[in-house]
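J.: A predicted structure for the sequence below; I have some questions about it.
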Amino acid sequence: MKYSNPIIRGFNPDPSICRSGRFYYLVTSTFEFYPGAPVYRSTNLVDWELISYALTRENGFKLGNCWSSGGLYAPTIRYHEGTYYIVTTNVSGEGHIIVHAKNPRGPWSKPVKVELPGIDPSITFADDTVYFTCTGRTPDENDCIVMTEINPVTGEILKEPVIISTGMSGKNPEGPHLYKIKDKYYLMLAEGGTEFGHMETIFRSDSPYGPYEGDPHNPIIRQRDNTHSSIRACGHADMVEDRRGRWWMVNLGVRNLTEPFVLLHNLGRETMLSSVVWTDEGWPVVGEDGFIFEEMEGELPGEEPVGPQNEFTDDFKDEKLNLNYGYLRDPEPENYELTPGGLLLHGSLVTLNDIASPTFIGLRQTEHCTKFKVNLRKISVEVGGRAGITAFYNESYHFEIYIGRDANGVYIGAARHIHDLFVEVYHENISPLVSSDVVRFIISADQTFYHASYKINGGKKREIARASTAGFCTEGTMSMTFTGTWLGMFAEKGDACFSDLSMTNKKS
Ligand code: 6LW
């Protein structure tokens with residue numbers, strides 16, 4: 001069967017996967033975005049439904065005012081004897097935390113700590129033991145992979161951690177996963193760093209504690225060698241066996257902007273799928289000889305794939321907000337009010353420029369070419385307040401169109417934050433709006449620009465500003481970041497009612 005990569009599009013990095021019966025569950029990183037650790041479910045490995053989050057207000061999780069690209073790093077999900085476990089790292093808080101649930105839709109348990117340094121925790125149930133691996137440092141301060149054994153419910157460490165690998169290349173061995181397959185222990189790692197030198201390697205031993213021999217064909221994902229692929233930076237993988245004994249690999253990758261050789265991506269690191277074939281010598285061959293493509297084929301489990309959904313609409317008539325919405329850090333629930341007229345956002349003094357939790361609610365941008373539209377009514381902001389829509393990467397990289405208020409009354413504005421420059425690029429006072437007035441804001445994105453437009457009461461559409469997509473790329477941020485662009489709604493120092501939302505994608 002043919003399928004398209006990414007299988008989970010937009011900002012969905014560091015995927016980890018497990019299987020229970022005919023259902024597959026996959027979890028990704030979320031950093032400063034809330035809720036934490038989305039759990040997706042599928043029956044065919046290509047069509048995924050977001051069913052829950054492992055870390056939320058309900059189980060006591062908080063991000064505080066974590067720095068952007070802090071918060072929740074890479075997770076791992078595993079299923080064992082009727083219970084699901086997710087382990088991850090809050091690098092801005094408790095470090096490694098683990099939760100469990102009988103139902104992957106939740107409720108998830110309160111997080112317990114695993115008191116070890118490092119990132120990229122993983123657990124393996126084998127030999128009546130729960131092995132715990134993560135990154136570590138050697139005595140001479142080099143990167144390595146360490147392993148111990150834990151109680152997965154309490155997080156208690158049961159054995160002195162030991163170094164089991166420093167990888168093949170020595171640069172950034174991370175994302176470890178340990179598998180026991182036919183009495184051999186396989187240790188799979190991401191190496192090379194999550195940028196364009198990223199790769200995946202695998203090692204094998206008769207003992208979980210090694211010594212490990214490397215696959216003579218390492219790296220098993222070698223996208224770094226294909227400099228003209230439309231998918232780059234592949235690594236940070238996890239493997240799963242389907243009910244027919246076939247193996248599959250999920251990993252992160254990026255889709256470049258414009259030409260394949262332009263090393264810029266604005267959608268974040270996304271989740272890719274490829275098949276795994278084991279050689280007679282007992283080593284895995286991933287995808288097409290270690291390469292992964294946007295269009296692939298495989299003997300997928302389950303039904304024929306439907307493929308990417310290119311239309312998301314919301315009339316805000318449901319009892320709860322759609323699970324696909326994301327927020328920043330610890331949002332105040334009362335600032336997001338579902339009313340008969342739509343989603344009423346209550347803006348606080350916190351703005352999109354702050355490392356905090358502004359009143360923001362967004363969707364991951366899932367294609368380079370997309371159009372995000374929404375109606376605003378009953379806009380009531382103070383002087384200096386704003387309400388509108390935004391293309392948002394983090395507090396230093398965003399572009400928005402909005403209704404604002406200045407000393408002369410209300411105005412249509414557009415503003416851009418890039419690096420340490422925040423500037424209003426358009427400001428036009430308009431006559432006062434009454435409650436029946438409808439402002440429709442549109443942000444349309446292509447490979448080169450985000451375009452901001454508006455209509456009032458169904459009038460002529462006016463484009464008032466644009467911002468280069470290059471300013472939303474991970475490669476260009478002032479500090480090291482790991483996230484992707486969102487398209488969302490926001491309010492600052494006042495309220496606005498949003499309705500008739502649509503996000504329509506076009507294959508670029
Ligand atoms: C992830 C680690 C990494 O934990 O980036 O560069 C971190 N490598 O594997 C965030 O995705």
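T.: Okay, I see it. Numbers count the residues shown, from 1 in each chain.
J.: pLDDT below threshold where in the protein?
T.: Within the chain, the stretches with pLDDT under 70 are 170, 259-261, 508.
J.: which strand runs longest in it?
T.: strand 369-394 (DSSP state E).
J.: now it, how far from the chain's geometric center?
T.: 23 Å (CA atoms, centre = their mean, to the nearest Å).
J.: how about stretch 209-226?
T.: Worked out by CA atoms, centre = their mean, stretch 209-226 lies 26 Å from the chain centre.
J.: contacts for it, please.
T.: Outside of stretch 209-226, the residues within contact range by CB atoms under 8 Å, 6 or more residues apart in numbering are 147, 162, 164-165, 168, 185, 187-188, 191-192, 196-205, 229, 231-235, 237, 249, 251, 253, 283-287, 290-292. Where you see a C-beta, it was placed from the backbone N, CA and C, and this is true even at glycine.
J.: what is the burial count for the residue nearest to residue 97 when sequence neighbours are not counted?
T.: Spatially, and ignoring its direct neighbours in sequence, residue 97 is nearest to residue 111 (3.8 Å; CB to CB, 6 or more residues apart in numbering). When neighbours are defined as other CB atoms under 10 Å, residue 111 has 24 of them.
J.: now for residue 111: which residues touch it?
T.: Contacts of residue 111 (CB under 8 Å, 6+ apart): 55, 59, 60, 61, 94, 97, 98, 99.
J.: enumerate every residue touching the closest residue to the first one other than its chain neighbours.
T.: Translated: residue 55. Distances taken as CB to CB, 6+ apart place residue 36 nearest to residue 55, at 3.3 Å, with adjacent residues excluded. Contacts for residue 36 (CB under 8 Å, 6+ apart) come out as 30, 53, 54, 55, 56, 61, 63, 71, 72, 88.
J.: residues contacting the last one?
T.: In other words, residue 88. 27, 29, 36-37, 54-55, 72-76, 96-97, 121.
J.: and the residue of the stretch 151-300 of the chain found nearest the ligand, what does it touch?
T.: Closest residue of the stretch 151-300 of the chain to the ligand, CB to the nearest ligand atom: residue 194 (3.2 Å). Residue 194 is in contact with 13, 172, 233, 235, 236, 252, 269, 482, counting by CB under 8 Å, 6+ apart.
J.: try residue 356
T.: Contacts of residue 356 (CB under 8 Å, 6+ apart): 65, 328, 329, 350.
J.: do residue 123 as well
T.: 76, 78, 85, 87, 98, 130, 131, 132, 133, 150, 152.
J.: okay if I get these as CSV plus neighbour count, secondary structure and distance to the ligand?
T.: CSV is the format used below for the contacts of residue 123 (neighbours: other CB atoms under 10 Å; DSSP: H, G, I helix; E, B strand; the rest coil; distance: CB to the nearest ligand atom, whole Å):
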residue, neighbour count, secondary structure, distance to the ligand
76, 27, strand, 11
78, 22, strand, 17
85, 22, strand, 18
87, 30, strand, 12
98, 26, strand, 16
130, 20, strand, 21
131, 21, strand, 19
132, 29, strand, 16
133, 26, strand, 13
150, 24, strand, 19
152, 20, coil, 20
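J.: residues near residue 415, how many?
T.: With other CB under 10 Å as criterion, residue 415 counts 24.
J.: say whether the ligand is contacted by stretch 104-120.
T.: Yes: using CB under 6 Å from any ligand atom, stretch 104-120 comes into contact with the ligand via 119, 120.
J.: what about residue 430, distance to the ligand?
T.: Shown here: residue 430 relative to the ligand, a distance of 43 Å by CB to the nearest ligand atom, to the nearest Å.
J.: how many residues are close by that residue?
T.: 14.
J.: what does residue 303 give?
T.: 11.
J.: ok, for it, nearest residue in space, not its chain neighbours?
T.: Nearest one to residue 303, counting by CB to CB, 6+ apart, is residue 44 at 5.5 Å.
J.: where's the one you found relative to residue 272, distance?
T.: 15 Å (CB to CB, to the nearest Å).
J.: of the contacts of residue 356, buried ones?
T.: Buried subset of the contacts of residue 356 (neighbour count, 16 or more other CB atoms under 10 Å): 328, 329, 350.
J.: measure the last one to residue 326 for me?
T.: Meaning residue 350. 16 Å.
J.: what of residue 461?
T.: 28 Å.
J.: the more surrounded of those two?
T.: A count of neighbours by other CB under 10 Å puts residue 326 above the other of residue 461 and residue 326, at 22 against 10.
J.: may I have the beta-bridge partners of the closest residue to that one other than its chain neighbours?
T.: The shortest distance from residue 326 to any residue other than its chain neighbours is 4.7 Å, reached at residue 33 (CB to CB, 6+ apart). Residues in a beta bridge with residue 33, per DSSP bridges, are residue 328.
J.: span of stretch 192-209 from start to end?
T.: 23 Å (CA to CA, to the nearest Å).
J.: what are the buried residues along that stretch?
T.: 192, 194-205, 208.
J.: list the pairing partners of whichever strand or helix holds residue 252 within its sheet, with orientation.
T.: Using DSSP states H and E, residue 252 falls within strand 247-255. The pairing partners recorded for strand 247-255 under DSSP bridges are strand 231-241 (antiparallel), strand 270-278 (antiparallel).
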